[in-house]
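K.L.:
need a 3D model of the sequence below.
(one chain, ligands or ions: 1)
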Amino acid sequence: MTELTSDTIDRRTLLKSAGVAALGLAAPIYAATQERRRFAVVGLGSRARMFTGAITGRFSEGNSIVGLCDTNAGRLALAAKTIAAATGTAPAGYAAADFDRMIRETKPHAVIVTTPDAYHDGYVVRALDAGCDVITEKPMTTTSEKAQRILDACKRNGRHVRVTFNYRYSPPRTQVKDLLMSGAIGEVLSVDFQWLLNTVHGADYFRRWHSHKATSGGLMVHKATHHFDLVNWWLSAQPDTVMAVGKRDFYTPSMAKRMGLKGSHERCRTCPEKASCTFYFDLAADTGLKALYLDNEQYDGYFRDQCVFRPQIDIEDTMSVIVRYNSGATLNYSLNAFNSWEGYRIAFNGTKGRIEHEIVEQAGVAGASAEQSSSDAVRTRIIPLRGAPKDLQPWSGEGSHGGGDDVMLNEIFGDAPADKYRRMADERSGAWSILIGAAANISFGTGNAVRIPDLVTGLTAPEMAVMPDRSMPVPMPLRVKMP
Ligand SMILES: NC(=O)c1ccc[n+]([C@@H]2O[C@H](COP(=O)([O-])OP(=O)(O)OC[C@H]3O[C@@H](n4cnc5c(N)ncnc54)[C@H](O)[C@@H]3O)[C@@H](O)[C@H]2O)c1
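P.N.:
Take a look at the predicted model:
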């Protein structure tokens, strides 16, 4: 077998589509090649299964998993067993301390990083320095210092990192990009964006590692990275200045008392008030969650069902952010994590009109009937400055994250055509997005506005679709008869 050095790997990464080449990306993993591609995966929890499932299933032709790495020996063994059941071969497994040895021994073309957010940078940088391509889950990382390490490693190695912003690929969101690119509302001058998390899915952030800012960056980074990336991508613009306020007012010990509980506890499984708490979460009830987390607690002591009211939580549940973009556009954004429905509303105010777009991901909460909990209701409406409003038939897709995951996986592992929406994201988009969250976290503490260019050096704009600009004609003012 030919020895795979970083050089041979790099040179043999043949670009399949002219569109990819046109983007000017160095050795992009997502340009599929004719040869077998070898992947190693680090962090083998819930999200990793999307990638391992794709590589061993729909995209098994030409792709294989050669190495697995995790701090938890139980999840490591479970991932190896699942892959062996699908392919007949269990990839080599490595403890987290042996990550570099995994790369040396298994010689992956690319490393897929699906650990908790704060650990992404360490693995991304080590994989790049070892000559591998990298695919990392969002958020790319959690702080500006860590983003700088990744930007520097990309530069040093002449490679780009793929950041899997699956939200861009959801068909209704791509439709909004299409409308904005078409100039349907002219140049966007401002955006109003409201994202709601409910007390089922939203509360889950407060049960897991996400509830610690040191691990997740808080919801401004962990969750809002998706939302800030969408706005950056929708506008084809980069954020400049951020002001924000944030607080935790709901997931607190005192709120538990206001709900009639005695207080907060360690976890649901051993909770003395499980019968009376509507936030009780039964980790054993779901066989998948039990196998992944409950059965592997013995290895690292991690509880997936920690009390949502415990005092150790240090992330916000209520956040408001104002962003000014280099295009001149402004963004008003809010994120609320204890709401009665889950989804979002966004409005783009343009020189020729307004786009209103809304997706209800989960309409009902615990206790609602299936009918009341209808989900994925999509509305997209254009309201011209002059003329009649028009409701558009939403573009639709199947599968997780509004159909976005499947479209994105096909682009990474399959044979996707060149993309006029330029949805593939690299470390530059990863950084521009998390830096809004990092700046908001700073602004929460200081009360001051934060300039994003002051947070990192060497960050340039990614290639993006061309948008309508200030030179576009706008409708004449309407002659209004004054009384
Ligand atoms: N794009 C999306 O829509 C989406 C959805 C879910 C999760 N994610 C992202 O995927 C990543 C993983 O999330 P998840 O839900 O799978 O979490 P998880 O807790 O289910 O899995 C994390 C895994 O990483 C392992 N791990 C922890 N610390 C480690 C370390 N230092 N080194 C190696 N392994 C370590 C854990 O043992 C666990 O197996 C996160 O970055 C998250 O933001 C993205």
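
K.L.:
in terms of pLDDT, where does the residue of the stretch 151-300 of the chain at minimum distance from the ligand sit?
P.N.:
Closest approach between the stretch 151-300 of the chain and the ligand, counting by CB to the nearest ligand atom: residue 166, at 4.8 Å. To be clear about C-beta, it is placed using only N, CA and C from the backbone, and glycine gets the same treatment. Looking at residue 166, its pLDDT reads 94.

K.L.:
pretty sure it contacts residue 404?
P.N.:
Yes. Counting by CB atoms under 8 Å, residue 166 does reach residue 404; the two are 4.3 Å apart.

K.L.:
so how far is residue 412 from the residue of the stretch 151-300 of the chain closest to the ligand?
P.N.:
Residue 166 sits at a distance of 10 Å from residue 412 (criterion: CB to CB, to the nearest Å).

K.L.:
ok, now residue 425?
P.N.:
On the measure of CB to CB, residue 425 and residue 412 end up 11 Å apart.

K.L.:
when those two are compared, which one has more neighbours?
P.N.:
residue 425 (26 against 23; other CB atoms under 10 Å).

K.L.:
that older thread, any common contacting residues for residue 425 and residue 412?
P.N.:
Taking CB atoms under 8 Å, 6 or more residues apart in numbering as the contact rule, residue 425 and residue 412 both touch 162, 164.

K.L.:
just want the most central residue of this structure.
P.N.:
Nearest residue to the geometric centre of the chain (CA atoms, centre = their mean): residue 138, 3.9 Å.

K.L.:
now it: closest residue in space, sequence neighbours ignored.
P.N.:
The shortest distance from residue 138 to any non-neighbouring residue, by CB to CB, 6 or more residues apart in numbering, is to residue 225 (5.1 Å).

K.L.:
do residue 51 as well
P.N.:
Using CB to CB, 6+ apart and skipping residues adjacent in sequence, the residue nearest residue 51 is residue 112, 5.1 Å away.

K.L.:
next structured bit after whichever strand or helix holds the one you found?
P.N.:
Element membership for residue 112, per DSSP states H and E: strand 110-113. Once the chain leaves strand 110-113, the next helix or strand it forms, by DSSP H and E, is helix 120-129.

K.L.:
got the contact list for that following helix?
P.N.:
With contact meaning CB under 8 Å, 6+ apart, helix 120-129 is reached by 42-43, 99-100, 103, 111, 113, 115, 133-134, 136-137, 139-142, 146-147, 149-150, 153-154, 156-157, 159, 161.

K.L.:
pull the distance from the helix or strand following that helix to the chain's centre.
P.N.:
Following helix 120-129 in sequence order, the next helix or strand is strand 133-136 (DSSP H and E). In terms of CA atoms, centre = their mean, to the nearest Å, the centre of strand 133-136 is set 14 Å apart from its chain centre.

K.L.:
does the ligand sit close to strand 133-136?
P.N.:
No. Judged by CB under 6 Å from any ligand atom, strand 133-136 makes no contact with the ligand; its nearest approach is 7.8 Å.

K.L.:
could you say what helices and strands that strand packs with?
P.N.:
Judged by 3 or more CB pairs under 8 Å, 6 or more residues apart in numbering; DSSP states H and E, strand 133-136 is in contact with strand 110-113, helix 120-129, strand 161-163.

K.L.:
show me what the shortest one is packed against.
P.N.:
I take that to be strand 161-163. Using 3+ CB pairs under 8 Å, 6+ apart, strand 161-163 sits against strand 133-136, helix 427-446.

K.L.:
tell me the mean pLDDT for the following helix or strand past the shortest one?
P.N.:
Reading on from strand 133-136 to the C-terminus, the next helix or strand found by DSSP H and E is helix 144-157. For helix 144-157, the mean per-residue pLDDT is 97.

K.L.:
in helix 144-157, which residues are buried?
P.N.:
Within helix 144-157, the residues scored as buried using 16 or more other CB atoms under 10 Å are 144, 146-148, 150-151, 153-154, 157.

K.L.:
report pLDDT for residue 18.
P.N.:
At residue 18, the pLDDT recorded in the model is 30.

K.L.:
oh, that last question was meant for residue 222, not what I typed.
P.N.:
Residue 222 is given a pLDDT of 98.

K.L.:
who touches it in this structure?
P.N.:
So residue 222 contacts 117, 139, 142, 205, 210, 216 (CB under 8 Å, 6+ apart).

K.L.:
where does the stretch 351-483 of the chain have low pLDDT?
P.N.:
Applying pLDDT under 70 to the stretch 351-483 of the chain flags the ranges 363-376, 470, 472-483.

K.L.:
what about the helices in it?
P.N.:
In chain order, the stretch 351-483 of the chain shows helices spanning 404-413, 427-446, with DSSP state H, counting those that start in this stretch as the criterion.

K.L.:
flag every residue of this protein that's near the ligand.
P.N.:
42-48, 70-72, 75, 96, 114-117, 119, 137-138, 164, 166, 222, 401.

K.L.:
repeat that with 5 Å
P.N.:
43-47, 70-72, 75, 96, 114-115, 117, 119, 137, 166 (CB under 5 Å from any ligand atom).

K.L.:
now the closest residue to residue 468 other than its chain neighbours: phi and psi?
P.N.:
Spatial nearest neighbour of residue 468, excluding adjacent residues (CB to CB, 6+ apart): residue 183 at 4.1 Å. Phi and psi for residue 183, reported as degrees, to the nearest 10, are phi 80, psi 20.
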